[in-house]
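Peer 1: After the sequence you'll find the predicted model.
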Amino acid sequence: MQKNAIVRYLNKKDSKNKNTVIVEPIAFTECAACHEKCSRKGYTVPAVNIHNFDLKEGSLVIIKSSKVQEALESIICLLFPIASAILGFCLANPIYSLIKKGGTPGTACPEGLKSLIVLVFFVLASLLVYILSRARKLLIYPEITDVLEQEN
């Protein structure tokens with residue numbers, strides 16, 4: 001991912017990265033001068049200034065996230081719900097024997113109930129991925145790759 005962003009705060013203290021600033025991703029360069037709240041303006045995120053650019057509040061920069069992070073997030077977002085559905089399939093018979101009164105271990109779960117259990121596991125895992133993706137906590141901060149212009 002590569003986006004334009006505007007620097008909002010400098011001197012963010014971070015134990016991992018001492019050169020961290022807070023940026024706000026924007027949709028267009030015209031959005032940098034705009035002070036209205038619209039859907040094109042983003043939320044603020046920390047970004048790492050590894051190239052030691054001379055930044056000021058209001059500087060227009062380009063941020064880029066790690067391709068490794070994007071790949072890992074994509075894999076996790078896809079595989080976690082699928083793995084949860086498989087776990088639901090494997091646990092369907094034990095769950096059925098627990099909820100059935102007088103059920104004995106090893107009782108076969110009806111196919112309709114097994115499908116429902118798999119669906120519940122899949123939906124719960126998908127909701128968890130959705131909630132965590134909205135938390136906006138980044139494990140690896142995007143880096144500032146270029147400065148477009150300085151605000152005077």
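Peer 2: Looks like it came in fine.

Peer 1: CA only for contacts and neighbour counts going forward, please
Peer 2: Noted.

Peer 1: Buried residues of stretch 65-77, list them for me.
Peer 2: Of all the residues in stretch 65-77, those buried under the rule 16 or more other Cα atoms under 10 Å are Ser65, Cys77.

Peer 1: May I have that stretch as PDB, with CA atoms only?
Peer 2: As requested, C-alpha coordinates have been extracted for stretch 65-77 and formatted as PDB (Å, rounded to 0.1, in the frame of the first residue of the first chain):
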ATOM      1  CA  SER A  65       3.500  -0.300   4.300                       C
ATOM      2  CA  SER A  66       5.600  -3.400   4.300                       C
ATOM      3  CA  LYS A  67       4.700  -6.000   1.700                       C
ATOM      4  CA  VAL A  68       5.500  -8.700   4.200                       C
ATOM      5  CA  GLN A  69       3.000  -7.300   6.600                       C
ATOM      6  CA  GLU A  70       0.300  -7.000   3.900                       C
ATOM      7  CA  ALA A  71       0.900 -10.600   2.900                       C
ATOM      8  CA  LEU A  72       0.700 -11.900   6.500                       C
ATOM      9  CA  GLU A  73      -2.400  -9.900   7.200                       C
ATOM     10  CA  SER A  74      -4.100 -11.300   4.000                       C
ATOM     11  CA  ILE A  75      -3.100 -14.900   4.800                       C
ATOM     12  CA  ILE A  76      -4.300 -14.600   8.400                       C
ATOM     13  CA  CYS A  77      -7.600 -12.900   7.400                       C
END
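
Peer 1: Grab the most central residue of the chain for me.
Peer 2: The centre of the chain sits closest to Ser133, judged by Cα atoms, centre = their mean, with a distance of 3.5 Å.

Peer 1: Can you name every helix or strand that the helix or strand hosting Leu79 contacts?
Peer 2: Element membership for Leu79, per DSSP states H and E: helix 67-99. Applying 3 or more Cα pairs under 8 Å, 6 or more residues apart in numbering; DSSP states H and E, one finds that helix 67-99 contacts helix 111-134.

Peer 1: This completes my enquiry, with thanks.
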